[in-house]
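Engineer: Turn this into a model:
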Amino acid sequence: MAKSTLRRSRNSAYLRQSCRCFYCDLLLPPPGHELEFAAKLSIGGKIAKLLQCTAEHLHPKSAGGADVPQNIAAAHQWCNSRRHARPSPLSPDEFKEHVLRRVAQGRWWPPHVRSALINKQ
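Structural biologist: Numbers count the residues shown, from 1 in each chain. Modelled structure (predicted):
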């Protein structure tokens with residue numbers, strides 16, 4: 001998939017998901033506007049990079065996943081990278097359940113980030 005097509009698929013997923021991360025269900029910044037988004041929430045630049053809206057292949061390309069819009073979800077860079085950093089990655093639904101449990105426990109994002117993303121909604 002060309003970068004422009006992938007970008008369109010990500011942007012479409014972003015809107016379809018009501019500007020929320022597929023995994024943690026917290027607010028995503030508009031694609032390409034992470035720094036402004038973070039500044040409005042008084043969150044530092046390092047965290048802004050982790051909030052970046054990425055195109056997540058639900059079925060990874062490395063495992064034969066296709067570059068089709070139905071296989072693309074919008075996710076924070078942090079959430080996307082954590083799924084694939086596991087020794088044996090969970091399915092998208094299993095990982096989403098794991099992340100949502102951690103969010104509910106206050107153990108996924110630092111408290112000030114979680115609070116800002118929740119209060120912004």
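
Engineer: What does the pLDDT read for residue 4?
Structural biologist: Note for residue 4: predicted pLDDT of 81.

Engineer: And the contacts of the host helix or strand of it?
Structural biologist: Take DSSP states H and E as the rule and residue 4 turns out to sit in helix 3-16. For helix 3-16, contacts defined as C-beta atoms under 8 Å, 6 or more residues apart in numbering pick out 1, 22, 28, 30-31, 53-55, 67, 69, 72-74. C-beta coordinates here come from the backbone N, C-alpha and C atoms, glycine included.

Engineer: farthest pair in the residues you listed?
Structural biologist: Farthest apart among the contacts of helix 3-16 by C-beta to C-beta are 30 and 67. That separation is 22.9 Å.

Engineer: which helices and strands sit right next to the next helix-or-strand element following the helix holding residue 4?
Structural biologist: Where DSSP H and E defines the elements, the next helix or strand beyond helix 3-16 is helix 34-40. Here helix 34-40 touches helix 45-51, going by 3 or more C-beta pairs under 8 Å, 6 or more residues apart in numbering; DSSP states H and E.

Engineer: picking up where we left off before, can you add pLDDT, distance to residue 106 and neighbour count and give the contacts of helix 3-16 back as CSV?
Structural biologist: Formatted as CSV, these follow (pLDDT from 0 to 100; distance: C-beta to C-beta, whole Å; neighbours: other C-beta atoms under 10 Å):
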residue, pLDDT, distance to residue 106, neighbour count
1, 57, 36, 17
22, 98, 20, 25
28, 96, 20, 26
30, 94, 26, 12
31, 93, 27, 16
53, 97, 23, 25
54, 96, 23, 21
55, 95, 28, 25
67, 82, 36, 14
69, 90, 34, 16
72, 96, 29, 26
73, 97, 24, 23
74, 98, 23, 25
